[in-house]
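Undergrad: Got a predicted model here, sequence first, then my questions.
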Amino acid sequence: MMKNMNFLITSPNFPSNLQYFALRLKEEGVNVLGIGDTPYEELSDNLKYALTEYYKVENMENLEEVKRGVAFLIFKHGPIDRIESNTEHWLVNDAELREQFNVTGPKLKDLTKTMYKSRMKSIFKKAGLPVVEGYLVEDEKDFKKALKTLKYPFIAKPDHGVGTSATYKIENKKDADFFLENWDGVNYFLEPFVDNAELCTYDGLLDADGNIVYETSFYYNIPTLNQINGKDSSFTVVDKVDPKLQKYGRDIVKAFGMKERFFHIEFFRKKNGEYVVIEYNNRSSGGHSIDLYNHSISGDLYKVYAQIVTGKLEEKPVFKSKYASSVSRRDGVEYVHSHEEIYAKYGDCIKMSMKLPKIFSDIMGDEAFIAISDTRKKADELVEFIHKRK
(Lines give C-alpha, C1' and ligand atoms only; values in the text may rest on other atoms or scores of the structure.)
Protein backbone atom coordinates (compact mmCIF):
# COMPACT_ATOMS: atom_id res chain seq x y z
CA MET A 1 0.00 0.00 0.00
CA MET A 2 1.12 3.54 -0.70
CA LYS A 3 2.37 5.39 2.36
CA ASN A 4 -0.15 7.98 3.61
CA MET A 5 -2.44 7.41 0.62
CA ASN A 6 -4.84 10.32 0.11
CA PHE A 7 -8.16 9.43 -1.50
CA LEU A 8 -10.50 12.32 -2.32
CA ILE A 9 -14.21 11.49 -2.67
CA THR A 10 -16.30 14.12 -4.41
CA SER A 11 -19.86 14.46 -3.06
CA PRO A 12 -19.24 11.57 -0.60
CA ASN A 13 -22.71 11.63 0.98
CA PHE A 14 -24.92 11.07 -2.07
CA PRO A 15 -26.36 8.59 -2.70
CA SER A 16 -26.14 7.69 0.99
CA ASN A 17 -24.98 4.10 0.40
CA LEU A 18 -21.77 5.37 -1.20
CA GLN A 19 -20.53 6.40 2.25
CA TYR A 20 -19.36 2.78 2.52
CA PHE A 21 -16.58 3.54 0.05
CA ALA A 22 -15.21 6.06 2.55
CA LEU A 23 -15.63 3.65 5.48
CA ARG A 24 -13.93 0.71 3.78
CA LEU A 25 -11.06 2.88 2.53
CA LYS A 26 -10.48 4.18 6.06
CA GLU A 27 -10.49 0.60 7.36
CA GLU A 28 -7.70 -0.16 4.88
CA GLY A 29 -5.60 2.68 6.31
CA VAL A 30 -6.37 5.33 3.68
CA ASN A 31 -6.53 9.03 4.50
CA VAL A 32 -10.02 9.78 3.14
CA LEU A 33 -10.89 13.36 2.20
CA GLY A 34 -14.19 14.76 0.97
CA ILE A 35 -15.54 17.72 -0.98
CA GLY A 36 -19.25 18.48 -1.17
CA ASP A 37 -21.90 21.18 -0.91
CA THR A 38 -23.79 19.54 1.98
CA PRO A 39 -23.09 21.17 5.36
CA TYR A 40 -20.76 19.08 7.53
CA GLU A 41 -23.32 18.78 10.34
CA GLU A 42 -25.73 17.06 7.91
CA LEU A 43 -23.28 14.26 7.08
CA SER A 44 -23.94 10.87 8.66
CA ASP A 45 -21.95 9.85 11.74
CA ASN A 46 -20.35 7.07 9.65
CA LEU A 47 -19.11 9.57 7.09
CA LYS A 48 -17.83 11.99 9.73
CA TYR A 49 -15.87 9.10 11.23
CA ALA A 50 -14.47 7.99 7.85
CA LEU A 51 -13.37 11.41 6.58
CA THR A 52 -10.12 12.90 7.81
CA GLU A 53 -11.29 16.25 6.46
CA TYR A 54 -14.32 17.57 4.63
CA TYR A 55 -14.18 20.73 2.52
CA LYS A 56 -17.56 22.35 1.93
CA VAL A 57 -18.21 24.30 -1.26
CA GLU A 58 -21.27 26.36 -2.09
CA ASN A 59 -21.94 24.60 -5.37
CA MET A 60 -20.39 21.35 -6.62
CA GLU A 61 -21.29 22.36 -10.18
CA ASN A 62 -18.84 25.28 -9.87
CA LEU A 63 -15.68 23.44 -10.87
CA GLU A 64 -13.39 26.38 -10.14
CA GLU A 65 -14.65 26.46 -6.56
CA VAL A 66 -14.10 22.71 -6.28
CA LYS A 67 -10.56 23.10 -7.65
CA ARG A 68 -9.79 25.64 -4.95
CA GLY A 69 -10.96 23.08 -2.41
CA VAL A 70 -8.69 20.40 -3.89
CA ALA A 71 -5.73 22.80 -3.82
CA PHE A 72 -6.41 23.52 -0.13
CA LEU A 73 -6.55 19.81 0.72
CA ILE A 74 -3.29 19.17 -1.16
CA PHE A 75 -1.63 22.06 0.70
CA LYS A 76 -2.76 20.56 4.01
CA HIS A 77 -2.46 16.80 3.39
CA GLY A 78 -0.02 16.44 0.52
CA PRO A 79 -0.55 15.05 -3.02
CA ILE A 80 -3.87 13.37 -3.80
CA ASP A 81 -3.53 9.76 -5.01
CA ARG A 82 -7.10 9.19 -6.20
CA ILE A 83 -10.15 11.33 -6.98
CA GLU A 84 -13.44 9.49 -7.39
CA SER A 85 -17.17 9.87 -6.79
CA ASN A 86 -18.32 6.48 -8.17
CA THR A 87 -21.35 8.23 -9.70
CA GLU A 88 -22.19 9.14 -13.28
CA HIS A 89 -23.04 12.77 -12.54
CA TRP A 90 -19.47 13.69 -11.55
CA LEU A 91 -17.56 11.53 -14.07
CA VAL A 92 -16.45 14.49 -16.18
CA ASN A 93 -15.62 16.74 -13.23
CA ASP A 94 -13.62 13.96 -11.58
CA ALA A 95 -11.65 13.48 -14.81
CA GLU A 96 -10.92 17.20 -15.09
CA LEU A 97 -9.77 17.33 -11.47
CA ARG A 98 -7.44 14.37 -12.07
CA GLU A 99 -6.02 16.15 -15.08
CA GLN A 100 -5.56 19.45 -13.24
CA PHE A 101 -3.81 17.86 -10.25
CA ASN A 102 -2.00 14.97 -11.99
CA VAL A 103 -3.92 12.20 -10.23
CA THR A 104 -4.08 8.54 -11.35
CA GLY A 105 -7.29 7.57 -13.14
CA PRO A 106 -9.30 8.40 -16.30
CA LYS A 107 -8.66 11.84 -17.77
CA LEU A 108 -10.97 13.75 -20.12
CA LYS A 109 -9.44 12.17 -23.24
CA ASP A 110 -10.11 8.71 -21.76
CA LEU A 111 -13.79 9.49 -21.25
CA THR A 112 -14.61 10.48 -24.83
CA LYS A 113 -15.06 6.83 -25.80
CA THR A 114 -17.48 6.24 -22.91
CA MET A 115 -19.42 9.51 -23.11
CA TYR A 116 -20.41 9.56 -26.79
CA LYS A 117 -22.77 6.86 -28.03
CA SER A 118 -21.48 7.21 -31.59
CA ARG A 119 -17.90 6.52 -30.47
CA MET A 120 -18.99 3.59 -28.31
CA LYS A 121 -20.70 2.10 -31.35
CA SER A 122 -17.47 2.31 -33.34
CA ILE A 123 -15.54 0.49 -30.60
CA PHE A 124 -18.22 -2.22 -30.34
CA LYS A 125 -18.10 -2.81 -34.10
CA LYS A 126 -14.31 -2.86 -34.19
CA ALA A 127 -14.33 -5.47 -31.41
CA GLY A 128 -16.74 -7.61 -33.46
CA LEU A 129 -19.73 -7.17 -31.15
CA PRO A 130 -23.34 -7.42 -32.43
CA VAL A 131 -24.90 -3.94 -32.72
CA VAL A 132 -27.79 -2.24 -34.45
CA GLU A 133 -26.72 0.42 -36.93
CA GLY A 134 -26.90 3.95 -35.59
CA TYR A 135 -26.84 7.42 -37.13
CA LEU A 136 -25.19 10.51 -35.68
CA VAL A 137 -27.25 13.58 -36.62
CA GLU A 138 -26.02 17.12 -36.12
CA ASP A 139 -28.79 19.05 -37.88
CA GLU A 140 -32.17 18.71 -39.58
CA LYS A 141 -30.54 17.75 -42.87
CA ASP A 142 -28.78 14.80 -41.20
CA PHE A 143 -32.02 13.79 -39.48
CA LYS A 144 -34.02 13.74 -42.71
CA LYS A 145 -31.25 11.81 -44.45
CA ALA A 146 -31.33 9.16 -41.70
CA LEU A 147 -35.13 8.91 -42.08
CA LYS A 148 -34.62 7.54 -45.58
CA THR A 149 -32.95 4.46 -44.09
CA LEU A 150 -34.49 4.14 -40.64
CA LYS A 151 -37.88 2.55 -40.21
CA TYR A 152 -40.38 3.46 -37.50
CA PRO A 153 -40.16 3.04 -34.58
CA PHE A 154 -36.67 4.24 -33.68
CA ILE A 155 -34.96 5.84 -30.69
CA ALA A 156 -33.39 9.30 -30.63
CA LYS A 157 -31.05 10.03 -27.74
CA PRO A 158 -28.36 12.65 -27.13
CA ASP A 159 -24.99 11.47 -28.42
CA HIS A 160 -23.55 12.72 -25.14
CA GLY A 161 -26.12 12.15 -22.42
CA VAL A 162 -26.97 10.36 -19.19
CA GLY A 163 -29.53 7.56 -18.87
CA THR A 164 -32.90 8.24 -20.51
CA SER A 165 -32.57 12.01 -20.28
CA ALA A 166 -34.05 13.74 -23.38
CA THR A 167 -34.62 10.39 -25.10
CA TYR A 168 -37.46 9.98 -27.60
CA LYS A 169 -39.21 6.96 -29.05
CA ILE A 170 -40.26 8.04 -32.54
CA GLU A 171 -43.07 5.87 -33.90
CA ASN A 172 -44.39 7.90 -36.84
CA LYS A 173 -44.04 11.12 -38.84
CA LYS A 174 -45.96 13.09 -36.20
CA ASP A 175 -43.37 12.06 -33.57
CA ALA A 176 -40.55 12.93 -35.97
CA ASP A 177 -42.01 16.40 -36.57
CA PHE A 178 -42.45 16.90 -32.81
CA PHE A 179 -38.82 15.95 -32.25
CA LEU A 180 -37.60 18.41 -34.90
CA GLU A 181 -39.71 21.21 -33.41
CA ASN A 182 -38.30 20.59 -29.93
CA TRP A 183 -34.71 19.74 -30.85
CA ASP A 184 -32.37 21.88 -28.76
CA GLY A 185 -29.50 21.68 -31.26
CA VAL A 186 -27.30 19.10 -29.51
CA ASN A 187 -26.05 16.15 -31.53
CA TYR A 188 -28.39 13.16 -31.43
CA PHE A 189 -27.84 9.48 -32.07
CA LEU A 190 -30.60 7.55 -33.83
CA GLU A 191 -30.97 3.78 -33.82
CA PRO A 192 -33.73 1.26 -34.54
CA PHE A 193 -36.04 0.33 -31.70
CA VAL A 194 -35.33 -3.26 -30.70
CA ASP A 195 -38.71 -4.88 -30.11
CA ASN A 196 -39.54 -8.08 -28.24
CA ALA A 197 -36.22 -8.05 -26.40
CA GLU A 198 -35.24 -8.02 -22.75
CA LEU A 199 -32.98 -5.28 -21.42
CA CYS A 200 -30.10 -6.84 -19.50
CA THR A 201 -26.57 -5.99 -18.40
CA TYR A 202 -23.04 -7.22 -17.92
CA ASP A 203 -21.65 -5.50 -14.82
CA GLY A 204 -18.51 -5.82 -12.77
CA LEU A 205 -15.41 -4.46 -11.08
CA LEU A 206 -11.89 -4.11 -12.50
CA ASP A 207 -8.61 -4.29 -10.60
CA ALA A 208 -5.64 -1.95 -11.04
CA ASP A 209 -4.47 -3.91 -14.11
CA GLY A 210 -7.89 -3.95 -15.77
CA ASN A 211 -8.65 -7.56 -14.85
CA ILE A 212 -12.24 -8.45 -13.96
CA VAL A 213 -12.46 -9.40 -10.28
CA TYR A 214 -16.26 -9.47 -10.10
CA GLU A 215 -18.83 -9.98 -12.84
CA THR A 216 -22.59 -10.32 -12.86
CA SER A 217 -25.67 -9.65 -14.95
CA PHE A 218 -29.14 -8.39 -14.25
CA TYR A 219 -32.32 -8.04 -16.27
CA TYR A 220 -35.05 -5.38 -16.14
CA ASN A 221 -38.74 -6.11 -15.96
CA ILE A 222 -39.40 -3.18 -18.33
CA PRO A 223 -37.12 -0.92 -20.42
CA THR A 224 -35.93 2.16 -18.52
CA LEU A 225 -37.60 4.37 -21.13
CA ASN A 226 -40.97 3.10 -19.88
CA GLN A 227 -40.12 3.72 -16.24
CA ILE A 228 -40.30 7.50 -16.64
CA ASN A 229 -43.94 7.05 -17.70
CA GLY A 230 -44.90 6.08 -14.15
CA LYS A 231 -44.58 2.32 -14.47
CA ASP A 232 -43.06 0.26 -11.67
CA SER A 233 -39.54 -1.00 -12.19
CA SER A 234 -37.43 -3.87 -11.01
CA PHE A 235 -34.12 -5.38 -11.93
CA THR A 236 -32.85 -8.78 -10.88
CA VAL A 237 -29.29 -10.02 -10.55
CA VAL A 238 -28.96 -13.56 -11.89
CA ASP A 239 -27.17 -16.46 -10.20
CA LYS A 240 -24.96 -17.21 -13.23
CA VAL A 241 -23.92 -15.13 -16.23
CA ASP A 242 -24.87 -16.59 -19.61
CA PRO A 243 -21.56 -17.72 -21.23
CA LYS A 244 -22.41 -15.91 -24.48
CA LEU A 245 -23.08 -12.64 -22.62
CA GLN A 246 -19.97 -13.20 -20.53
CA LYS A 247 -17.79 -13.48 -23.64
CA TYR A 248 -19.29 -10.36 -25.20
CA GLY A 249 -18.90 -8.46 -21.93
CA ARG A 250 -15.29 -9.48 -21.46
CA ASP A 251 -14.47 -8.51 -25.05
CA ILE A 252 -16.00 -5.08 -24.45
CA VAL A 253 -14.10 -4.55 -21.20
CA LYS A 254 -10.87 -5.40 -23.01
CA ALA A 255 -11.71 -3.02 -25.86
CA PHE A 256 -12.35 -0.06 -23.55
CA GLY A 257 -9.27 -0.73 -21.42
CA MET A 258 -10.42 0.84 -18.14
CA LYS A 259 -8.85 0.03 -14.77
CA GLU A 260 -9.66 0.12 -11.04
CA ARG A 261 -13.35 0.86 -11.37
CA PHE A 262 -16.85 -0.53 -11.76
CA PHE A 263 -18.48 -0.90 -15.18
CA HIS A 264 -22.07 -1.30 -16.39
CA ILE A 265 -22.77 -2.50 -19.95
CA GLU A 266 -26.30 -2.64 -21.36
CA PHE A 267 -27.58 -5.19 -23.87
CA PHE A 268 -30.80 -6.30 -25.46
CA ARG A 269 -31.41 -10.05 -25.28
CA LYS A 270 -33.62 -11.22 -28.15
CA LYS A 271 -36.12 -14.05 -27.99
CA ASN A 272 -33.70 -16.32 -29.89
CA GLY A 273 -31.01 -15.84 -27.23
CA GLU A 274 -28.88 -13.47 -29.30
CA TYR A 275 -27.56 -10.22 -27.82
CA VAL A 276 -27.21 -6.65 -29.10
CA VAL A 277 -24.90 -4.33 -27.17
CA ILE A 278 -26.29 -0.85 -26.43
CA GLU A 279 -23.80 1.12 -24.37
CA TYR A 280 -20.85 1.05 -21.98
CA ASN A 281 -21.00 2.98 -18.70
CA ASN A 282 -17.77 3.73 -16.87
CA ARG A 283 -19.28 3.21 -13.40
CA SER A 284 -21.65 0.88 -11.54
CA SER A 285 -25.33 0.80 -12.39
CA GLY A 286 -26.03 3.56 -9.86
CA GLY A 287 -28.50 4.04 -7.04
CA HIS A 288 -28.34 1.07 -4.65
CA SER A 289 -27.08 -1.44 -7.22
CA ILE A 290 -23.84 -2.18 -5.32
CA ASP A 291 -25.96 -3.13 -2.29
CA LEU A 292 -27.93 -5.43 -4.58
CA TYR A 293 -24.71 -7.07 -5.81
CA ASN A 294 -23.57 -7.47 -2.20
CA HIS A 295 -26.78 -9.18 -1.10
CA SER A 296 -26.62 -11.44 -4.14
CA ILE A 297 -23.14 -12.70 -3.22
CA SER A 298 -23.34 -12.20 0.57
CA GLY A 299 -20.19 -10.15 0.13
CA ASP A 300 -18.81 -6.62 0.35
CA LEU A 301 -17.68 -5.05 -2.93
CA TYR A 302 -16.99 -1.75 -1.15
CA LYS A 303 -14.24 -3.61 0.72
CA VAL A 304 -12.99 -5.36 -2.43
CA TYR A 305 -12.74 -1.96 -4.13
CA ALA A 306 -10.78 -0.52 -1.18
CA GLN A 307 -8.39 -3.48 -1.31
CA ILE A 308 -7.90 -2.98 -5.05
CA VAL A 309 -7.08 0.71 -4.58
CA THR A 310 -4.61 -0.01 -1.78
CA GLY A 311 -2.98 -2.97 -3.52
CA LYS A 312 -4.11 -5.41 -0.82
CA LEU A 313 -6.22 -7.68 -3.02
CA GLU A 314 -3.87 -10.64 -3.31
CA GLU A 315 -6.10 -12.99 -5.32
CA LYS A 316 -9.34 -12.80 -7.24
CA PRO A 317 -12.25 -13.39 -4.83
CA VAL A 318 -14.69 -16.22 -5.52
CA PHE A 319 -18.39 -15.48 -5.08
CA LYS A 320 -21.46 -17.69 -5.04
CA SER A 321 -24.41 -15.72 -6.32
CA LYS A 322 -28.17 -15.93 -5.83
CA TYR A 323 -30.95 -14.09 -7.60
CA ALA A 324 -31.33 -10.65 -6.02
CA SER A 325 -34.15 -8.28 -6.99
CA SER A 326 -34.62 -4.56 -6.53
CA VAL A 327 -38.36 -3.94 -6.65
CA SER A 328 -39.74 -0.39 -6.57
CA ARG A 329 -43.14 1.07 -5.82
CA ARG A 330 -44.52 4.58 -6.29
CA ASP A 331 -46.25 6.88 -3.82
CA GLY A 332 -49.89 7.60 -4.61
CA VAL A 333 -50.49 4.27 -6.35
CA GLU A 334 -52.94 1.75 -4.92
CA TYR A 335 -51.34 -1.68 -4.76
CA VAL A 336 -53.16 -4.92 -4.12
CA HIS A 337 -50.75 -6.08 -1.42
CA SER A 338 -49.84 -4.04 1.67
CA HIS A 339 -46.40 -3.95 3.28
CA GLU A 340 -47.67 -6.36 5.91
CA GLU A 341 -48.80 -8.83 3.25
CA ILE A 342 -45.47 -8.52 1.40
CA TYR A 343 -43.52 -9.32 4.55
CA ALA A 344 -45.92 -12.10 5.53
CA LYS A 345 -45.34 -13.87 2.20
CA TYR A 346 -41.73 -12.95 1.41
CA GLY A 347 -40.27 -11.75 4.72
CA ASP A 348 -37.61 -14.46 4.68
CA CYS A 349 -36.45 -13.21 1.25
CA ILE A 350 -36.45 -9.45 1.85
CA LYS A 351 -33.05 -8.15 2.97
CA MET A 352 -33.84 -4.43 3.12
CA SER A 353 -36.32 -1.77 2.08
CA MET A 354 -35.73 1.94 1.68
CA LYS A 355 -37.18 5.25 0.59
CA LEU A 356 -35.45 6.47 -2.55
CA PRO A 357 -34.15 10.02 -3.03
CA LYS A 358 -36.66 12.28 -4.80
CA ILE A 359 -34.14 12.97 -7.54
CA PHE A 360 -34.42 9.28 -8.58
CA SER A 361 -38.17 8.89 -8.19
CA ASP A 362 -39.20 9.62 -11.82
CA ILE A 363 -37.28 6.60 -13.04
CA MET A 364 -36.73 4.39 -9.99
CA GLY A 365 -39.88 5.03 -7.95
CA ASP A 366 -40.25 6.21 -4.36
CA GLU A 367 -39.39 3.10 -2.37
CA ALA A 368 -37.57 -0.13 -3.07
CA PHE A 369 -37.28 -3.63 -1.67
CA ILE A 370 -34.19 -5.81 -2.06
CA ALA A 371 -35.02 -9.52 -1.97
CA ILE A 372 -33.11 -12.78 -2.50
CA SER A 373 -34.46 -15.78 -4.42
CA ASP A 374 -33.12 -19.22 -5.35
CA THR A 375 -34.68 -19.30 -8.82
CA ARG A 376 -35.72 -16.88 -11.53
CA LYS A 377 -39.28 -18.14 -11.27
CA LYS A 378 -39.47 -17.19 -7.60
CA ALA A 379 -37.78 -13.84 -8.27
CA ASP A 380 -40.31 -12.98 -10.99
CA GLU A 381 -43.24 -14.10 -8.80
CA LEU A 382 -42.00 -11.85 -5.99
CA VAL A 383 -41.74 -8.87 -8.35
CA GLU A 384 -45.23 -9.47 -9.69
CA PHE A 385 -46.66 -9.74 -6.16
CA ILE A 386 -45.11 -6.46 -5.00
CA HIS A 387 -46.04 -4.59 -8.20
CA LYS A 388 -49.63 -5.78 -8.54
CA ARG A 389 -51.88 -2.72 -8.72
CA LYS A 390 -55.56 -2.39 -7.92
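TA: Ah, there it is.
Undergrad: Quick check: Phe178 vs Tyr219, distance?
TA: 31 Å (CB to CB, to the nearest Å). C-beta here means a position set from N, CA and C on the backbone, and glycine is covered the same way.
Undergrad: Compare neighbour counts for the two and give me the winner.
TA: Between Phe178 and Tyr219, Tyr219 has the larger neighbour count (other CB atoms under 10 Å), namely 18 against 13.
Undergrad: how far away is that one from Lys351?
TA: 19 Å.
Undergrad: ditto for Leu97
TA: With CB to CB as the criterion, Leu97 and Lys351 are 35 Å apart.
Undergrad: quick one, which of those two is more surrounded?
TA: Leu97 (25 against 15).
Undergrad: Next, give phi and psi for the more buried one.
TA: According to degrees, to the nearest 10, the main-chain angles of Leu97 amount to phi -70, psi -40.
Undergrad: Is it in contact with Pro106, as I believe?
TA: No: using CB atoms under 8 Å, Leu97 is not in contact with Pro106; the gap is 11.1 Å.
Undergrad: need the contact list for the spatially most central residue of the chain.
TA: Per CA atoms, centre = their mean, the C-alpha nearest to the average position across the chain is that of Ser285, at 2.3 Å. For Ser285, the contacting residues are 201, 203, 218, 235, 264, by CB atoms under 8 Å, 6 or more residues apart in numbering.
Undergrad: Likewise for Met354?
TA: Met354 neighbours (CB under 8 Å, 6+ apart): 288, 367-368.
Undergrad: and the least confident of those residues?
TA: Minimum pLDDT for these is recorded at His288 (88).
Undergrad: Give the next helix or strand downstream of the lowest-mean-pLDDT helix or strand in the chain.
TA: Lowest by mean pLDDT, DSSP states H and E among the helices and strands of the chain is helix 224-227, with a mean of 52. Later in the chain than helix 224-227, the nearest helix or strand by DSSP states H and E is strand 234-237.
Undergrad: what packs against the helix or strand just after that following strand?
TA: For strand 234-237, the following helix or strand on the C-terminal side (DSSP H and E) is helix 243-256. Packing contacts for helix 243-256, counted by 3 or more CB pairs under 8 Å, 6 or more residues apart in numbering; DSSP states H and E, involve helix 117-126, strand 197-206, strand 212-216, strand 262-270, strand 275-281.
Undergrad: list the buried ones in helix 243-256?
TA: The neighbour-count check on helix 243-256 (16 or more other CB atoms under 10 Å) flags 245-246, 248-249, 252-253, 255-256 as buried.
Undergrad: Serialize the residues you listed to a markdown table and add fields for distance to Thr375 and pLDDT.
TA: Formatted as a markdown table, the buried residues of helix 243-256 follow (distance: CB to CB, whole Å; pLDDT from 0 to 100):
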| residue | distance to Thr375 | pLDDT |
| --- | --- | --- |
| Leu245 | 19 | 97 |
| Gln246 | 20 | 97 |
| Tyr248 | 25 | 97 |
| Gly249 | 23 | 97 |
| Ile252 | 28 | 96 |
| Val253 | 28 | 96 |
| Ala255 | 34 | 95 |
| Phe256 | 33 | 95 |
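Undergrad: Closest to Arg329 out of those?
TA: Distances from Arg329 to the buried residues of helix 243-256, taken as CB to CB, are shortest for Leu245 (29.0 Å).
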